[in-house]
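# Here is a sequence together with a model predicted from it:
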Amino acid sequence: MIIILSGPVHGGKTTLIQKSLSRWASRGLRFGGFLSLAVPNSRGETEYDFLDLKNGRRLPFLRRKGEDEWEHVGDFRLVPRTLEAARALIAAADPAEVLIVDEVGPLELSGGGLWSALREAVGRSSLRTLLVVRENILEEMIEALRGSVPPLVLDVRNPNASFLLDRSLLPPG
């Protein structure tokens with residue numbers, strides 16, 4: 001199963017997942033993967049940290065400054081050791097858990113970033129995956145996933161998004 005949680009930039013996608021994690025855990029849902037948490041840098045600009053959902057490890061992920069050879073997208077450079085950690089989490093995804101990947105973006109659509117690990121993971125029919133995807137690349141992402149299980153797409157702006165996520169991921173009861 002592939003679920004895509006979509007919406008605009010800074011539209012609440014990560015926040016919705018963060019607010020759901022303790023509820024999901026209390027209902028017995030196990031999850032792995034990571035969130036990308038916005039953090040201000042010393043100039044007040046937004047950058048992102050990686051939060052490993054299994055062990056709480058937090059690492060710098062997307063930065064405004066970095067080495068020229070680092071993969072980059074827009075104004076951001078991906079910290080290589082964190083990118084490798086994210087790929088490793090995806091590759092080691094456990095079918096007994098929900099793999100959460102926040103977020104899949106333009107870099108992946110061009111074959112970079114997390115794409116190699118993610119493409120393999122979504123091809124595993126036994127794996128349940130929750131992908132965060134910005135609305136401006138949603139159709140391209142659905143096309144890129146062609147050949148895998150067709151995704152269930154939820155819009156974060158839907159007032160029932162939390163309920164629909166719960167219904168899709170949690171056992172009845």
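Cool, the structure landed.

# show me where the chain has helices.
13-26, 80-91, 106-109, 115-122, 138-144, 161-169 (DSSP state H).

# how about a markdown table for those, with mean neighbour count and distance to Tyr48 added?
For glycine as for every other residue, the C-beta is placed from the backbone atoms N, C-alpha and C. Formatted as a markdown table, the helices of the chain follow (neighbours: other C-beta atoms under 10 Å; distance: least, C-beta to C-beta, whole Å):
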| stretch | mean neighbour count | distance to Tyr48 |
| --- | --- | --- |
| helix 13-26 | 16 | 9 |
| helix 80-91 | 17 | 10 |
| helix 106-109 | 18 | 13 |
| helix 115-122 | 19 | 17 |
| helix 138-144 | 15 | 19 |
| helix 161-169 | 15 | 22 |
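
# Out of the ones you listed, flag the one nearest Val73.
helix 106-109 (4.1 Å; C-beta to C-beta).

# quick one: contacts of the closest one?
Residues from elsewhere that reach helix 106-109 (C-beta atoms under 8 Å, 6 or more residues apart in numbering): 71, 73-74, 78, 113-115, 118, 137, 140-141, 144.

# circling back: ok, which of the helices of the chain comes nearest Asp49?
Comparing the helices of the chain under C-beta to C-beta, the one sitting nearest is helix 80-91, at 8.5 Å.

# Would you mind listing the buried residues in the lengthiest strand in the chain?
The residue-count maximum for a strand in the chain (DSSP state E) belongs to strand 31-40. Within strand 31-40, the residues scored as buried using 16 or more other C-beta atoms under 10 Å are 31-37.

# for the residues you listed, which one is nearest Leu51?
Of those, the one sitting nearest to Leu51 (C-beta to C-beta) turns out to be Leu35, at 4.6 Å.
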